[in-house]
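Asker: Pasting the sequence and the predicted coordinates here, then a few questions.
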Amino acid sequence: MLIAVVPLVVLLQGDPGNAARLLAAGLITSAYLWLAEGEIVSLRSRLDGDDGRDPVTRAFSRARMEQDKSMIASYAPVGLVVVRLDGLMDLRVRGEGARADDIMASVAAAIIPLLSTRERLYRLGGSEFLIGLAGWRAFECFELGQTVCKTVQPHLPKGIRARSGVAEVTTPQDFDAALDLASSMVSKSGDLGRSVLSTAL
């Protein structure tokens, strides 16, 4: 708005030459900022990609997770918490992929501040995240998973439910099996979830 107001004030003061120059300068500046904003967004996406982050949620990507598996032995035990947003894939099936991505991004934004620098959030797919916790046992992860679900649930739209499952791993070779175990526990909750927890220890 200042781009138009300032030249108008100058014009009313009887200086049409300066008014025209100010208006031209303002339009050029606006065009530059508009282009720069697009370049900044593009640059951030490239930097996220270089850092192994998903550009939508800014969680680490599955490819980065595969690389990080090699560090498990150094931080063992490593706790795994799978967080699944039940019902989200239905949105994608109905062609509401953009809305589903927005929900994933908001959930990631709620989880990331809860984690320390030794803990990482990964995006597993269209409706799931994995939290990797250095030095955590499965029983500790269970409580965190429940806390995360309770934290994000009030902000999810009707029909979307956050669920979690946990496991722990001590070697890179056992990671896939531990991840499968955590995923298999996602549908469990309450007392049933606690009884299944013993299989993750």
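Answerer: Yep, it's here. Model, not experiment: these values are computed from the prediction.
Asker: Please report the distance of residue 52 from residue 110.
Answerer: Distance of residue 52 to residue 110, given as Cβ to Cβ, to the nearest Å: 21 Å. Every residue, glycine included, has its C-beta placed from N, CA and C.
Asker: should've said residue 177
Answerer: Residue 177 is 29 Å from residue 110, by Cβ to Cβ.
Asker: For residue 82, give its distance to residue 118.
Answerer: As judged by Cβ to Cβ, residue 82 and residue 118 stand 19 Å apart.
Asker: Settle it for me: which of those two has more neighbours?
Answerer: residue 82 (25 against 12; other Cβ atoms under 10 Å).
Asker: Check which helix or strand that one maps to.
Answerer: Of the helices and strands defined by DSSP states H and E, residue 82 is found in strand 78-86.
Asker: Check which helices and strands that strand sits against.
Answerer: helix 97-111, strand 128-134, helix 138-152, strand 161-169, helix 175-184 (3 or more Cβ pairs under 8 Å, 6 or more residues apart in numbering; DSSP states H and E).
Asker: Look up phi and psi at residue 185.
Answerer: Backbone geometry at residue 185, expressed as degrees, to the nearest 10, gives phi -90, psi -10.
Asker: Count the neighbours of it for me.
Answerer: Neighbour tally, residue 185, other Cβ under 10 Å: 25.
Asker: and if you look at residue 166?
Answerer: Residue 166, neighbours per other Cβ under 10 Å, totals 31.
Asker: Quickly note the distance from residue 79 to residue 67.
Answerer: 19 Å.
Asker: between the two, which one's more packed in?
Answerer: Taking other Cβ under 10 Å, residue 79 and residue 67 do not tie; residue 79 has more neighbours (27 against 11).
Asker: what pairs with the more buried one across the strands?
Answerer: residue 133, residue 168 (DSSP bridges).
Asker: For it, list the residues it contacts.
Answerer: Going by Cβ atoms under 8 Å, 6 or more residues apart in numbering, residue 79 touches 131-133, 135-138, 140-141, 144, 166-168.
Asker: again with residue 144
Answerer: Residue 144 neighbours (Cβ under 8 Å, 6+ apart): 79, 81, 131, 133, 136.
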